[in-house]
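Novice: got a sequence here, can you model it:
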Amino acid sequence: MGVAHIRTRIRAAVLFSFLMPVVKMWGMNSTKYFSVIFLVVIDFTASWCPPCRFIAPILAEHAKQMLHVIFLKVDVDELKEAAELYSVEAMPTLVFLVGGVEVHRIVGANKDELKNALDKHAVQASP
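Specialist: Numbers count the residues shown, from 1 in each chain. Down below sits the predicted model:
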């Protein structure tokens, strides 16, 4: 299976969480329809990762406040292909996409860098 095929499958659909405005990826889902006009933030996480648990509520709070940003959550143990596609080597890794192109990456649970990146890239991606 080629990278283009995997990208297409990853970008096929998303499942929205009704508990908070963070999108959870399942199967091979992703961002094709949203990344053209919105900032998309992909949170590569793992259930066993303490820094991931630290940053999760911070991401959820940003998602509630920044309705013009699409937040995706990818469990690297469930979606190894997605983690490989984005060359994720540590968790949490936050990948910022604008127009389907990676514009920023944060490795680790740095809430100040997260806020700065969201402020910078959300403005650039405003429709």
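
Novice: name the helices or strands packed onto the helix or strand harbouring Ala63?
Specialist: For Ala63, the host element (DSSP states H and E) is helix 50-65. Based on contacts counted as 3 or more Cβ pairs under 8 Å, 6 or more residues apart in numbering; DSSP states H and E, the elements that helix 50-65 packs against are strand 39-45, strand 69-75, helix 111-124. All C-beta atoms are positioned from the backbone trio N, CA, C, and that covers glycine.

Novice: go again with 6 Å.
Specialist: Based on contacts counted as 3 or more Cβ pairs under 6 Å, 6 or more residues apart in numbering; DSSP states H and E, there is no element that helix 50-65 packs against.

Novice: which stretches of the chain have low pLDDT?
Specialist: Low-confidence segments of the chain, defined by pLDDT under 70: 1-37, 125-127.

Novice: would you mind writing the CA trace of the helix holding Ala63 as CSV?
Specialist: Output in CSV follows, covering the C-alpha atoms of helix 50-65 (Å, rounded to 0.1, in the frame of the first residue of the first chain):
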residue,chain,number,x,y,z
PRO,A,50,1.6,10.6,31.2
PRO,A,51,2.6,13.8,29.2
CYS,A,52,-0.3,13.0,26.8
ARG,A,53,-2.7,12.9,29.7
PHE,A,54,-1.3,16.2,30.9
ILE,A,55,-1.8,18.0,27.6
ALA,A,56,-5.2,16.4,26.8
PRO,A,57,-7.4,18.7,28.9
ILE,A,58,-5.4,21.7,27.7
LEU,A,59,-6.1,20.7,24.1
ALA,A,60,-9.8,20.2,24.9
GLU,A,61,-10.0,23.7,26.4
HIS,A,62,-8.4,25.2,23.3
ALA,A,63,-10.8,23.2,21.1
LYS,A,64,-13.8,24.6,23.0
GLN,A,65,-12.5,28.2,22.6
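
Novice: what residues of it count as buried?
Specialist: Taking 16 or more other Cβ atoms under 10 Å as the basis for neighbour counts, the residues of helix 50-65 that come out buried are Pro51, Cys52, Ile55, Ala56, Leu59, Ala60, His62, Ala63.

Novice: hang on, isn't the first one packed against Ala109?
Specialist: Put plainly, it is Pro51. Yes - the pair Pro51 / Ala109 is scored as a contact, 3.9 Å apart, by Cβ atoms under 6 Å.
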